[in-house]
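# Have a look at this prediction, sequence included:
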Amino acid sequence: MMDPDAERTETSTEQTPKGKVPGWIRYVLYFGLIPLIVIGGIVIFRERWYLWISAAVLLVSMIPFFFVFEKSRISVYKLVLLSVMVALSVFGRIAFYWVPFFKPVTAMVIIAGTYMGMECGFMCGALSAILSNLYFGQGPWTPFQMLTWGMIGLGAALLANVFKKNRWSWLIYGLLAGLAYSMMMDVWTSLVTDGTLEASRYWFYFVSALPMTGIYMGSNLIFLLLLGYPIGKKLERMNLKYGL
């Protein structure tokens, strides 16, 4: 007869994630290689080959995620949750197409990063950009959107413990994320002109976009207030249930 304690030990072992990406690989990919691909691609190719740049960003961002996926059985649940978060993000962006600059994408990416970790946070941002642009239109801006939303999700994951203890910091991050998104897209606007980042031109674009940036920052705050707590509690429950 099987020892009940042994059976519980065996079950617990099966539920423990076996895959873990070394930290230096994450940081090299997210803070080094992916930004190099995006910025280098725009400088070298300008408005050409943007689909290949987007594909390269997506492929590189998958490396740490699928490293975990291959090593851990339970990460199939994480894959399903990521798919749901991306679907909600894409649907939300399309559903609010009629309200300029008022979109829930950044809020959904922040929620994913906070409750699902670095890999899922970045992937949620990158996939939300490229998939929603199947509706809004792909272009040389797509890689920059993938990078920016991905980094927002990554930042949320790094600060997750702070956000869970202090909801005000979460909301402040949502506001700052809206500002960061606008500033990063202004980098693209400046680079795509002649391949250089001229300071006067960049600040001209930034100041011109301030009204739209304000709307976007406000939308992040509203969507985090409306969606952050209920979706976050669901994700926390799933994390506990499946040992994610």
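Structure's in. What do you need? Numbering: from 1, shown residues only.
# contact partners of stretch 134-142?
Contacts with stretch 134-142, where a contact means Cβ atoms under 8 Å, 6 or more residues apart in numbering, come from 42, 46-47, 50-51, 54, 93-94, 97, 129-130, 133, 185, 188, 192. For the C-beta atoms, the positions are set from N, CA and C on the backbone; glycine is no exception.
# Can you tell me the element the closest residue to Ile25 other than its chain neighbours falls in?
Excluding its sequence neighbours, the residue lying closest to Ile25 (Cβ to Cβ, 6 or more residues apart in numbering) is Pro64, at 6.3 Å. Using DSSP states H and E, Pro64 maps to helix 50-71.
# How about residues contacting that helix?
17-21, 25-26, 29-30, 33-34, 37-38, 41-42, 45, 75-76, 78-79, 118-120, 122-123, 126-127, 130, 138-140, 142-143, 146-147, 150.
# isn't Lys103 right up against Ile94?
No - using Cβ atoms under 8 Å, Lys103 makes no contact with Ile94, being 9.4 Å away.
# Which one's more surrounded, those two?
A count of neighbours by other Cβ atoms under 10 Å puts Lys103 above the other of Lys103 and Ile94, at 24 against 14.
# Just want the angle from the lengthiest helix in the chain to helix 50-71.
Counting residues, the longest helix found in the chain (DSSP state H) is helix 167-194. Per axes from the mean of the first three to the mean of the last three Cα atoms, to 10 degrees, the angle that helix 167-194 makes with helix 50-71 is 140 degrees.
# picking up where we left off before, the residue nearest to Ile25: neighbour count?
Applying other Cβ under 10 Å, I find that Pro64 has 22 neighbouring residues.
# And it, how far from Val187?
25 Å (Cβ to Cβ, to the nearest Å).
# Next one: Asp5, what pLDDT does it get?
Listed pLDDT for Asp5 reads 42.
# Low-confidence regions, the chain specifically.
1-23, 46-47, 66-75, 194, 243-244 (pLDDT under 70).
# which residues of it fall in helices?
Assigned by DSSP H, the helices in the chain fall at 4-14, 23-28, 34-45, 50-71, 75-95, 105-116, 118-136, 142-158, 160-165, 167-194, 199-208, 210-223, 229-242.
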